[in-house]
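In: Structure for this input, please:
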Amino acid sequence: MTPEQVAAGCKPAVLELGDAFTRCPVTLRQARLLGISGWAFYIAGRAGALGDVRAETVAAALGFIAPDAVADGWDAAVRTVRPTQVAAATLLECCRWGDENVDPLPDAGRLAELLERAVEAADATGMPLFAAWRAMPVPERSAGARAAASLRLLREHFAGAYLLAVRAAGMTPLEAVLAGPEGEAGAVAAGWSPPYPPVGPLVRRRLWAEAVTDRLTAPAFTALGRADGTELVDLLATVRARLRRP
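Out: From the prediction side, this is the model:
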């Protein structure tokens, strides 16, 4: 497999697994412990690594969430707790989820090793969220925790690359969401209000942006080589299937 093929092959599992811990009830409980809403915890949890910045900066970095929705979550969080504290709590929950769900699986150590090599090799240019998260120290924990932390980092890497590709395609973030698989439901979930632009003309641009995303993220997987890159795709598919089982 070429690096671009590895990127494309890894992307679905990384996007799903890199965010899985946020849907865990134990993770959501941290919002109550910090005294903030679940939405504020999500926004500050993702962008808190940027530090004490304004909501407008957070909205620009997140990209695909409506600025007003970002401001609602960010401003509510920072009135109660420092953003870096929410980010640190989020990272701990990510590692806990990895301890419990990934570490018991076969080849967790090998998965963590391959993911960490990809994270280290990734180019962070134009991807402030990925760069900020990569600079945060990961607690010394199990292979499953390390794998989960790396999955989160790679998820931000893919998201940052896709945002760059969408803008290069001449699309707005809202248009990209509307042209995606969730359509208007995805736009509503991300806080965008109707009326929405027509989707038909956007689909081809979105497919082009997806291909550019694979090219932008390919350097992370070039470091693995063909054999290890293929192995990573297979491991991620296996882990994804196992974690989906009841």
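In: Now do the contacts for residue 98.
Out: 21, 141-142, 144-149 (Cβ atoms under 8 Å, 6 or more residues apart in numbering). C-beta here means a position set from N, CA and C on the backbone, and glycine is covered the same way.
In: most surrounded residue in those residues?
Out: Highest neighbour count within the contacts of residue 98, by other Cβ atoms under 10 Å: residue 148, with 33 neighbours.
In: Surely that residue and residue 102 touch.
Out: Yes: counting by Cβ atoms under 8 Å, residue 102 is a contact partner of residue 148 at 5.7 Å.
In: Helix or strand next in line after the host helix or strand of residue 99, which one?
Out: Using DSSP states H and E, residue 99 sits within helix 83-101. Heading C-terminal from helix 83-101, the first helix or strand you meet, by DSSP H and E, is helix 108-121.
In: Could you tell me how far that next one lies from the centre of the chain?
Out: 16 Å (Cα atoms, centre = their mean, to the nearest Å).
In: And for stretch 229-246?
Out: 17 Å.
In: what's the lowest-pLDDT member of the contacts of residue 98?
Out: Among those, residue 141 has the lowest pLDDT, at 80.
In: For residue 137, see how far away the closest residue to that residue other than its chain neighbours is.
Out: Closest residue in space to residue 141, ignoring its immediate chain neighbours: residue 95 at 5.2 Å, by Cβ to Cβ, 6 or more residues apart in numbering. Relative to residue 137, residue 95 is positioned 11 Å away (Cβ to Cβ, to the nearest Å).
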